[in-house]
Structures are given as structure tokens and as C-alpha cells.
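Asks: Got a sequence here, can you build the structure:
(chains A, B, C and D)
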Number of protein chains: 2
Amino acid sequence: MAHGEALCASAAGSVPEYPLTDKLASYVNLTPEETEFLAEMHEPRRKVRRRREIIIAGRQYDHLFILCRGVVCRYKVLQDGKRQVLNLGLPGDFIGLPSSLFDVAVNSVSALTDVVLAPVPFAKLFSLFARFPRLGTALFWSSAREAALYGERLVDLGRRSAYERLAHLILELLIRLRAAGLGDDNSYALPLTQELMADVLGLSGPHVNRMIRTLRDEGLATIEGQRVIIHDLPALSALAGFDERYLTRRPIPGLI
Amino acid sequence: MAHGEALCASAAGSVPEYPLTDKLASYVNLTPEETEFLAEMHEPRRKVRRRREIIIAGRQYDHLFILCRGVVCRYKVLQDGKRQVLNLGLPGDFIGLPSSLFDVAVNSVSALTDVVLAPVPFAKLFSLFARFPRLGTALFWSSAREAALYGERLVDLGRRSAYERLAHLILELLIRLRAAGLGDDNSYALPLTQELMADVLGLSGPHVNRMIRTLRDEGLATIEGQRVIIHDLPALSALAGFDERYLTRRPIPGLI
DNA sequence: CGTCAGGTTGAGGATGATCAACGAATGTGG
DNA sequence: CCACATTCGTTGATCATCCTCAACCTGACG
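Replies: Numbers count the residues shown, from 1 in each chain, chains lettered A, B, ... in the order given. This next block holds a predicted model:
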């Protein structure tokens, strides 16, 4: 039991031990063999400390990671030093998609909290597709659905005001963290500085700060320390134009 | 031979008949059986006319489509009528990812040119994973890599100026269209109105118009009618911070 | 020949960036 | 245990980018 427990403090119960298994189980009923194979994939585990880089753009990789615990961000830094966060990885997510699938990693990934990772060599992934087609299908299904997250983020950056963007991000994280077994009904531990939130939302740090103040002044939500508390979920959802259906997992229809 | 042929006029030679096969062939060496299965997946074909909706947000679908010919866009419309284009589909792309993988489609897709589609019921997709694991792997690999496209678009919207965004889009389309067998070394037919480009780039129509003018005034590129001509590729790339490595396909390393 | 989609141009204004300074909190080493 | 450094948060003033609205133009097509 090392550090990084702060995040988990918000979990209702215990932290899932095999988060990828949990995720895929919401798409297919797993056989014992499949469950065991997935459990194996979660080992061995490696710890990485907060702020450490997990994947570095420009280097070559022959594996992914399963994020077992903690939160990471994938990002790109431009010539002039500007940074854009491309997504946030939560437990159960594959780290290295798509960065590691290229000749040379196209993005970097760094740990926002202390994290626990399980390396998955490409070879292991290939054997999953060869030996457990239903798992392969579920993996395909699951990662294809993640494009919906990018879609909503694109809408944020392209067509929503700063205020709406912030509201939308807060709500997305509420749902996603809950699905990962973290956070409760209307609050969660947020492992993001305002600077990071700015880089997620395509804004400047000071402006994020002002929008957070506005949210508080309007009685919609507060963000203090590393904790988000949502005071008026309906109003916040209306403001953000938030529809959580792009986040809710259901069994794959028709998969025998 | 109806309309919409303008696009194909730009193709160097003939239009690929099985574009998805071509795409996957750049990731794995295909066996005759795999090639045949993929060819089957390209049938039967259905034509859809320009401006017609292919997928409508809110409806339910039990299939994807392979885009055999033409160009489509996936988009979301907000309450206030603002629209954000989420991606452009070219021949060889699956249409319905991720929209159709939800209870109810989360985005709409419409035809930008006359298009030819091959419906692929989910069941057919599942049987691909079951019978041809290498194809399944390639499909997973290919669609996971598409997240890199979203990443670059997020960088566009979040951290690049309007001028840089436009330059980046022009270059991305150059490479993608070439990979699809359309367009030549420094020009291509562009099936986008300025209004559409604005909705791709998170800008207003008039501003896109001004940026196009600036590109022309600077001697970097011209966009006239439905044709883009790039006059100074190095300068345009430098301006956009464009690195095409996120678009270049290579065989999957280590896949037996 | 009229209509309409799409393109072009201008004026004014709003959103959010930039820059700068300060404050608070956290952590580190002496 | 204290002094200091560093990170993070807060606030204000100014300014640029890009939006909005509005008008007008052009070519294609029915």
C-alpha cells in the first residue's frame, strides 16, 4: 500500500483489481477461460509515480499497458510549447492507443497520479484475438466506442463556450469515474490542476479559473483542492448540453 | 453515370474496387481466403446520393457500412443549431463507427458526394473476428490508429490558429486522399463547401473564406471551385506543424 | 430567367488570450 | 523545526482573434 491512495479515497467500496475485465464484462458474458486470460493480462504490474512519463513521443514501443490504477493523460506539445491534452486514461483503459501503434509514438502519456500499469506486449494482444475471438470483438467494440469521447471533446473545442466546455468536462468525468468504481453520486477526486484542465479544454489557465469561479457563483458546482462537487446536476447538464448515452455500456447486441 | 463523378476525375488511375481490402493489406499480408471474405463484405453495394443522410442520430442500427466510393462526414448538431463535423470518411473507411455501436446513434453521417456503400451487419463483423483473427487484429489496429486523426483535430481546435488549422486540414486531406487512390502529388478534388470546412475546423464561414484568401495571397495554396492546389508544400507544412507520420500505414510488427 | 446554394466583403463587437503580479499551499533541505 | 523554493491558484488590465450580422455577388440549375 504505497501512495496514490488519495484518489481511491473517493471510491465507494474497494478498487477493482481487474478493471479491464470489468469493462469487457459489460460488453460480453465472460467464460472462465476468458476471465482467466484477462486476469493474466493484468500481470505483472508496474508502479509509476505521479508526473512520470509512461510513453514518450518519438520513441518506439512494442507493447501497450492496461491501466490498473490511477489516472493518466495523453497529450501533444507543439513547437511553440503549447500543449493539448488528447484524453484522460482511467483504470481499465489501454494506454498506448494509438500512440504505440506507430513506427514511433505520436503522443506522450504521463501519470497524473501514482499509477499501476500492466504491460501487454503486442504478441499477447495478438494471441487474445487468435484464441478468444469474443474478447477480440469486445476489445474492438470498446475501443471503437471511445471515438465518441473524442467526438464530444471536438464539439467542446469547436462549438461550445468556455463555460459550457468546463461543465461538460466535469460531467463526463463524473460518469466515467463512477464507471471505473471511483467517485460517488455527485462528487469525485479530480487529479487535474487548473493548468491541466486548460490544456484539456483548449483554454488558458486564468480563464479556466474564472469559469470555475462562475460555476461556483451560480451554485452549479465547486472545484476546491482536488475535489469536484456538483450541486445542481440538472442545471449543469442543461448548460453543457450533456447527454450521457455516449458513456453508458451495454452488452454487444447479437454477439453469441 | 450520374453526378458526383467529379471526385473520381482526380484519381490517377482507376478507383479501387475493394478499398477496405487495400487498407487492411497495408497492415497484414492477406491470404486468398481472407481476401475473398473481404471481397464478400464489399457486397451488396448500395448507392446514396449527395446530401442524403446515411446515419441519423437517435435511430438504431444493427450494421456498419464499408464506404466503397465517395466521401461522407460524421457530425453533431447542437440545440442552438451549431454543427461540428467530427470526421470525414473516405473510401475504405467503416461508416457507423462509433455511431452505430450505441443503443441509439450518437451522431449523424451524411454523404458529401454520391457514394457507394456496402452494409455490414454486426453478425458479419463478428464472424470476421471468429473466423479470421488476423483480419480482426488488423481491423482493431486500423481503427485504433484512427484515434490519431482525432488527436490532430483536437490540437487544431484547441491550440492552433484559424490559419494553421486550415493549412493542417488541407495537408491531412492531401495525404488521406492519396492513400485512398484519389488526388495527385499536390492537388485534389475537395468535396467540401467553405461552410463545411468551417464546421470541420470550428470556425465561421466568413473566417474560413478570409483564411483561404490569405493562403492564396501568401502563395501557399489555392482553393477554387472544388479543387485544392498546393503551391508550396514545405511552407504549408511548416506553417501547420504538419507531420504526416500519423497517417502512414505500415505492416503490423510481429503479427504472424 | 428566376432561384438558390455558395462565395465574398465589411463593420462592429465579444470571447478568451496574454502578461504581470501577487497569494497560498506544499514540500524540501538545512 | 524553520527558511526557502516551487507549484498552484487568483486577480486585473489590455489586446487579438474570430464571431456575428448584413449585404451583395456569382454561377449552376431547373
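
Asks: Can you report how many residues lie near A:Ala198?
Replies: 23 (other CB atoms under 10 Å in any protein chain shown). Quick note: C-beta positions are derived from backbone N, CA and C, even for glycine.

Asks: Surely it is within a strand?
Replies: No. Assessed with DSSP: H, G, I helix; E, B strand; the rest coil, A:Ala198 is helix; it does not lie in a strand.

Asks: May I have the predicted confidence score for the closest residue to A:Ile256 other than its chain neighbours?
Replies: Nearest residue to A:Ile256, sequence neighbours excluded (CB to CB, 6 or more residues apart in numbering or on different chains): B:Phe126, at 7.4 Å. Predicted confidence (pLDDT) for B:Phe126: 98.

Asks: how about A:Ile229, secondary structure?
Replies: What three-state DSSP gives for A:Ile229 is strand.

Asks: quick one: it and A:Thr222 touch, right?
Replies: Yes. Look at A:Ile229 against A:Thr222 with CB atoms under 8 Å: they come within range, at 5.0 Å.

Asks: So between these two, which is more surrounded?
Replies: A:Thr222 (16 against 13).

Asks: Can you tell me whether I have it right that that one is in a helix?
Replies: No. Using three-state DSSP, the secondary structure at A:Thr222 is strand, not a helix.

Asks: Tell me the strands beside the helix or strand harbouring A:Ile66, with direction?
Replies: Secondary structure assignment for A:Ile66, by DSSP states H and E: strand A:63-69. Strand A:63-69 has the following strand partners under DSSP bridges: strand A:94-95 (antiparallel), strand A:115-121 (antiparallel).

Asks: Need those strands in CSV (columns: mean neighbour count and distance to A:Gly241).
Replies: Listed next are those as CSV, based on neighbours: other CB atoms under 10 Å in any protein chain shown; distance: least, CB to CB, whole Å:
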stretch, mean neighbour count, distance to A:Gly241
strand A:94-95, 22, 29
strand A:115-121, 21, 32
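
Asks: now those strands as JSON lines including distance to A:His168 and mean pLDDT?
Replies: Output for those, formatted as JSON lines (distance: least, CB to CB, whole Å; pLDDT from 0 to 100):
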{"stretch": "strand A:94-95", "distance to A:His168": "24", "mean pLDDT": "98"}
{"stretch": "strand A:115-121", "distance to A:His168": "25", "mean pLDDT": "97"}
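
Asks: okay if I get the ones you listed as a markdown table plus distance to DNA strand D?
Replies: Output for the strands paired with strand A:63-69, formatted as a markdown table (distance: least, CB to the nearest atom of the strand, whole Å):
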| stretch | distance to DNA strand D |
| --- | --- |
| strand A:94-95 | 21 |
| strand A:115-121 | 16 |
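
Asks: out of those strands, which comes closest to A:Phe242?
Replies: Evaluated over the strands paired with strand A:63-69, closeness to A:Phe242 peaks at strand A:94-95, with 25.3 Å, by CB to CB.

Asks: neighbouring contacts of that closest one?
Replies: For strand A:94-95, contacts defined as CB atoms under 8 Å, 6 or more residues apart in numbering or on different chains pick out A:20, A:54-55, A:64-67, A:72, A:74, A:89, A:109, A:117, A:120, A:143.

Asks: let's see it at 10 Å
Replies: Outside strand A:94-95, the residues within contact range by CB atoms under 10 Å, 6 or more residues apart in numbering or on different chains are A:20, A:23, A:54-55, A:63-67, A:72, A:74, A:89, A:100, A:109, A:111, A:115, A:117-120, A:125, A:139, A:142-143, A:146, B:144.

Asks: and those residues, which are buried?
Replies: Burial by neighbour count, judged by 16 or more other CB atoms under 10 Å in any protein chain shown, picks out A:20, A:23, A:54-55, A:64-67, A:72, A:74, A:89, A:100, A:109, A:111, A:115, A:117-120, A:125, A:139, A:142-143, A:146, B:144 from these.

Asks: what sits against A:Leu88?
Replies: Residues near A:Leu88 by CB under 10 Å, 6+ apart: A:71-75, A:112, A:149, A:169, A:172-173, A:176-177, A:191-192, A:196, A:200.

Asks: Look up how far DNA strand D lies from the residue nearest to A:Tyr163 when sequence neighbours are not counted.
Replies: Using CB to CB, 6+ apart and skipping residues adjacent in sequence, the residue nearest A:Tyr163 is A:Met211, 5.3 Å away. Distance, A:Met211 to DNA strand D, by CB to the nearest atom of the strand, to the nearest Å: 10 Å.

Asks: The residue nearest to A:Ile256 is in what secondary structure piece?
Replies: helix B:122-131.

Asks: elements contacting that helix?
Replies: helix A:133-145, helix B:32-41, strand B:63-69, helix B:133-145 (3 or more CB pairs under 10 Å, 6 or more residues apart in numbering or on different chains; DSSP states H and E).

Asks: That one vs helix B:32-41, what angle?
Replies: 170 degrees (axes from the mean of the first three to the mean of the last three CA atoms, to 10 degrees).

Asks: Going by neighbour count, which residues in helix B:122-131 are buried?
Replies: B:Phe122, B:Leu125, B:Phe126, B:Ser127, B:Leu128, B:Phe129.

Asks: touching DNA strand C at all, stretch A:111-120?
Replies: No. Stretch A:111-120 is not in contact with DNA strand C by CB under 7 Å from any atom of the strand; minimum separation 11.8 Å.

Asks: ok, the residue nearest to A:Val106 when sequence neighbours are not counted - contacts?
Replies: In space, and not counting its chain neighbours, A:Val106 is closest to B:Tyr246: 4.9 Å by CB to CB, 6+ apart. Contact analysis of B:Tyr246 by CB under 10 Å, 6+ apart lists A:98-99, A:102, A:106-107, B:145-149, B:151-152, B:172, B:175.

Asks: check which helix or strand covers A:Asp156.
Replies: Per DSSP H and E: helix A:147-159 holds A:Asp156.

Asks: Can you lay out the strands paired with strand A:63-69 as TSV showing distance to A:Pro32?
Replies: Below are these laid out as TSV (distance: least, CB to CB, whole Å):
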stretch	distance to A:Pro32
strand A:94-95	23
strand A:115-121	20
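
Asks: B:Arg83 is nearest to which of those strands?
Replies: Between those, strand A:94-95 lies closest to B:Arg83; by CB to CB that is 31.1 Å.

Asks: and the angle from the helix holding A:Asp156 to helix B:133-145?
Replies: 20 degrees.

Asks: Is there any residue in helix A:147-159 that contacts DNA strand C?
Replies: No. If you take CB under 7 Å from any atom of the strand as the test, helix A:147-159 misses DNA strand C, and the best it gets is 9.9 Å.

Asks: Need the mean per-residue confidence for that helix.
Replies: Mean predicted lDDT for helix A:147-159 stands at 98.

Asks: Kindly report the same for stretch A:63-80.
Replies: The average of the pLDDT scores along stretch A:63-80 is 97.

Asks: and DNA strand D, which of the helices and strands packed on helix B:122-131 is closest to it?
Replies: Closest of the helices and strands packed on helix B:122-131 to DNA strand D is strand B:63-69, at 19.5 Å (criterion: CB to the nearest atom of the strand).

Asks: which residues sit against the helix holding B:Phe126?
Replies: Contacts for helix B:122-131 (CB under 10 Å, 6+ apart): A:129, A:132-141, A:252-256, B:33-34, B:37-38, B:40-41, B:61-64, B:94, B:96, B:100-101, B:120-121, B:135-137, B:139-140.

Asks: filter those residues to the buried ones?
Replies: A:129, A:132-141, A:252, A:255, B:34, B:37-38, B:41, B:61, B:64, B:94, B:96, B:100-101, B:120, B:135-137, B:139-140.
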